[in-house]
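Student: I'll drop the sequence and a predicted model, then ask my questions.
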Amino acid sequence: MSSLIAWIIRAIPFGTIIMYGAMGETVTEKSGNLNLGVPGIMYLGGFAGFASAFFYENNVANPNAFVCILLTLVSGIIASMLGGLIFSFLTITLRANQNVTGLALTTFGMGVANFFGVFILNGSAYSAAPFANSVYIRKIPVLSNLGAVGQTVFGYGFLAYVAIVLAILLHIFLNKTRVGLNLRAVGENPATADAAGINVTMYKYLPTCIGAGVSGIGGLYYVLDYNSGIWATTGQIEALGWLALALVIFTTWRPLNAIWGAYLFGVLYWLYQFLPSLLGFTVASYVTDLIQMVPYLVTIVVLIVTSLRKKKENQPPANLGLAYFREER
């Protein structure tokens, strides 16, 4: 029982990271833009949030929790949105290839974060922002102490619950509001949307930048909560970014599915660590490596099934990844 609880407690924060990345990319793809630069954007958000927290708590005698949260979130979101703006300018205005631009953005985001991270690391293997970490990991009072249920349901930082609320709000926005429906129309057929008077350029720029900002929160959550407020030049955020992209396909572009899908990915990802205790014997190292592939394999299966069933509601936006040339309308 204790192993099962530990497994869930490990899986939910992990799933929250990729949930933010997936929700941001879902908003972006609904506009018809395919941004494969999510890993780089999460890097930008994670580093900007950490850097602002690091300098704040090292230059203020008595740091304030609210100011810390506000400063880190604003910094992380702005840095991520700038990454989204770069992608938008290249692919919407200059009509560059979206696949190549996204991959370049991943390399760019990692490079920028690691370059400026050198000045914070100052020759060390890692740097920490303990105050920011203590703020982000604060659990819900009283409820988090209610035994196993309290630990597994209420034992997480506030961003874990914000992610669920955001997924619900995105579902309502995309399916129940005029702006959301216009956004989906642009992703399906920008020429028709343009003829109907919808500003296609605006409906591509804003969702891409806002989606990047949401994805960046995932990187910030990883550094300041999941990774104990520690910044180190490792490639873990990149791996999580690719998982977030896989989750978008797994959820068939539905924000509500990202809630349970992200947690399922978290459970499957950490299966290798808890499988030996569940089975009662040691598992070979190569088997654990294979087990870590399960989330990606599940995504491939879902992609194959949805492609074979050919249901319209399970398919990506029809104009996904394609540049819009108004003169060809």
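Tutor: It's in.

Student: contacting residues for residue 222?
Tutor: 17, 42, 46, 236-237, 240 (CB atoms under 8 Å, 6 or more residues apart in numbering). Using the backbone N, CA and C atoms, a C-beta is placed for each residue, glycine as well.

Student: from those, which would you call buried?
Tutor: Buried members of the contacts of residue 222, counted by 16 or more other CB atoms under 10 Å: 17, 42, 46, 237, 240.

Student: Closest one to residue 150 out of those residues, please.
Tutor: Using CB to CB, residue 17 is the member of the buried ones among the contacts of residue 222 that lies nearest residue 150, at 22.4 Å.

Student: For the closest one, pull up the helix or strand it's in.
Tutor: Using DSSP states H and E, residue 17 maps to helix 2-30.

Student: how far out from the middle of the chain is stretch 148-167?
Tutor: 16 Å (CA atoms, centre = their mean, to the nearest Å).

Student: In CSV, list the C-alpha atoms belonging to that stretch.
Tutor: Output in CSV follows, covering the C-alpha atoms of stretch 148-167 (Å, rounded to 0.1, in the frame of the first residue of the first chain):
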residue,chain,number,x,y,z
ALA,A,148,-3.3,8.4,2.7
VAL,A,149,-6.2,10.3,1.1
GLY,A,150,-4.8,13.6,2.2
GLN,A,151,-1.3,12.8,0.9
THR,A,152,-2.5,11.5,-2.5
VAL,A,153,-5.2,14.2,-3.2
PHE,A,154,-4.2,17.3,-1.3
GLY,A,155,-0.5,16.9,-0.8
TYR,A,156,0.8,19.0,-3.7
GLY,A,157,1.7,22.6,-4.5
PHE,A,158,-0.9,25.1,-5.8
LEU,A,159,0.2,24.8,-9.4
ALA,A,160,-0.9,21.2,-9.5
TYR,A,161,-4.5,22.3,-8.9
VAL,A,162,-4.2,25.3,-11.1
ALA,A,163,-3.5,23.0,-14.0
ILE,A,164,-6.8,21.1,-13.5
VAL,A,165,-8.7,24.4,-13.3
LEU,A,166,-7.0,25.6,-16.4
ALA,A,167,-7.8,22.5,-18.4
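
Student: Would you indicate which residues of that stretch are buried?
Tutor: Buried residues in stretch 148-167, defined by neighbour count with 16+ other CB under 10 Å: 151-152, 154-157, 159-160, 163, 166-167.

Student: between the helix or strand hosting residue 172 and helix 2-30, how many degrees?
Tutor: With the criterion set as DSSP H and E, the secondary-structure element containing residue 172 is helix 158-176. Taking axes from the mean of the first three to the mean of the last three CA atoms, to 10 degrees, one finds that helix 158-176 is oriented at 40 degrees with respect to helix 2-30.

Student: Distance from the helix or strand following helix 158-176 to the middle of the chain?
Tutor: In the C-terminal direction, the helix or strand that comes right after helix 158-176 (DSSP H and E) is helix 178-188. A distance of 22 Å separates the C-alpha centroid of helix 178-188 from that of its chain, computed with CA atoms, centre = their mean.

Student: again, but for stretch 112-119
Tutor: 21 Å.

Student: next one: stretch 208-228
Tutor: On CA atoms, centre = their mean, the centre of stretch 208-228 falls 6 Å from the chain's centre.

Student: quick one: buried residues of it?
Tutor: Those buried within stretch 208-228 under the rule 16+ other CB under 10 Å are 208-227.

Student: List the ones among those that fall in helices.
Tutor: The helices in this structure, assigned by DSSP state H, contain 208-221 from the buried residues of stretch 208-228.

Student: All set, thanks.
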